[in-house]
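A.B. asks: Next comes the sequence, and after it the predicted model I'd like to discuss.
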Amino acid sequence: MTESAETTDGRFVPFARMNGLGNEIIVADLRGSKARIAADAARTLAAVDATRFDQIMAIHDPLTPGTDAYIRIINRDGSEAQACGNGTRCVVQALSAETGRHDFTFETRAGILSASERPDGLIAVDMGIPHFAWNEIPLAEEFRDTRAIELQIGPIDAPVLHSPSVASMGNPHAIFWVDRDVWDYELDRFGPILENHPIFPERANISIARVTGRDALTLRTWERGVGLTRACGSAACAAAISAARTRRTDRTVTVTVPGGDLLIEWRDDDHVMMTGPAEWEWSGRLDPATGVFERDGEPVPA
Ligand SMILES: N[C@H](CCC[C@H](N)C(=O)O)C(=O)O
């Protein structure tokens, strides 16, 4: 994080452009400020190449004693998400660089989670416990068994994708199982239709997954409020637990996403652990009300 916010008129807050396996993340530091990042400001930042992002992780002062920060998660379209695994790793790396600490506890809309930077630099996040009940995901109608729900796309008699597993990792996910290469499917075409399907009253993150072994799967995700991304940590968790729940894999799985590998472990205490990298790219300052920004070392815009 940068120290330069004080040199502005107070509107600007420090941010870092980072990524988690190619999931494009802006970590914005709003601690000590009453400001929030406006949805319009987020959309403005998303429209500029340099600051195009999948999620903004807005770090706020803690609400609950014992936590290090409250994190608001903002999607590219300005909507809010409950969970973001890759972004959480970026926050850990940023705060670890700032404080020298390695263990953190955060609060998000999905609850309280802990995360640690390991000596090898990888970051492990406790993504909490999954939820499988139809009304917790949520779905618009009752399904007793969410390991495979009735939903398909493509011709009625020869659907291209069908019978997804659905799960909540704090945010809603649908996982379509496929036998062929995950790149063979037009996720850019089906993603928007499925994300906004009436069965998902809060929309959903849509993934296609191919099981490649008892401990491995490949995954592509169309993210709610974003679109195709190179990685989605909560989707990797949702896919891994759904694979284990349907006996396709064991409970520890390497999930290969377009940006690389995430290790997911569904522990016996029901918590889902996600381990992977985070990378800093550059830092700057932004105005949370407008989305006006500048890189460190450049003059502050008027
Ligand atoms: N990229 C994130 C997921 C963001 C989820 C968001 N698109 C939503 O639920 O609205 C991750 O690594 O978990």
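C.D. replies: The structure has been received and is ready for your questions.

A.B. asks: got the residues of the stretch 51-200 of the chain near the ligand?
C.D. replies: 54-55, 75, 81, 83-87, 171 (Cβ under 6 Å from any ligand atom). (C-beta placed from N, C-alpha, C; glycine too.)

A.B. asks: Nearest the geometric middle of this structure, what residue?
C.D. replies: By Cα atoms, centre = their mean, the chain has its centre lying nearest to residue 84, at 2.8 Å.

A.B. asks: I'd guessed that one sits against residue 55; true?
C.D. replies: Yes - assessed by Cβ atoms under 8 Å, residue 84 is found in contact with residue 55 at 4.9 Å.

A.B. asks: can you list residues touching both of these two?
C.D. replies: 25, 73 (Cβ atoms under 8 Å, 6 or more residues apart in numbering).

A.B. asks: In helices, which of the residues of the stretch 51-200 of the chain next to the ligand appear?
C.D. replies: Among those, the members falling in helices (DSSP state H) are 85-87.

A.B. asks: ranges for the helices of the chain?
C.D. replies: Assigned by DSSP H, the helices in the chain fall at 39-46, 85-99, 187-195, 233-245.

A.B. asks: would JSON lines of the residues of the stretch 51-200 of the chain next to the ligand with pLDDT be doable?
C.D. replies: Shown next, in JSON lines, are these (pLDDT from 0 to 100):
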{"residue": "54", "pLDDT": "98"}
{"residue": "55", "pLDDT": "98"}
{"residue": "75", "pLDDT": "97"}
{"residue": "81", "pLDDT": "96"}
{"residue": "83", "pLDDT": "94"}
{"residue": "84", "pLDDT": "96"}
{"residue": "85", "pLDDT": "96"}
{"residue": "86", "pLDDT": "97"}
{"residue": "87", "pLDDT": "98"}
{"residue": "171", "pLDDT": "97"}
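
A.B. asks: Most neighbours among those, which one is it?
C.D. replies: residue 86 (34 neighbours; other Cβ atoms under 10 Å).

A.B. asks: nearest spatial neighbour of it, skipping sequence neighbours?
C.D. replies: residue 20 (2.9 Å; Cβ to Cβ, 6 or more residues apart in numbering).

A.B. asks: For beta bridges, what are the partners of the residue nearest to residue 87 when sequence neighbours are not counted?
C.D. replies: Closest residue to residue 87 apart from its sequence neighbours, by Cβ to Cβ, 6+ apart: residue 57 at 4.2 Å. Counting by DSSP bridges, residue 57 is bridged to residue 27, residue 73.
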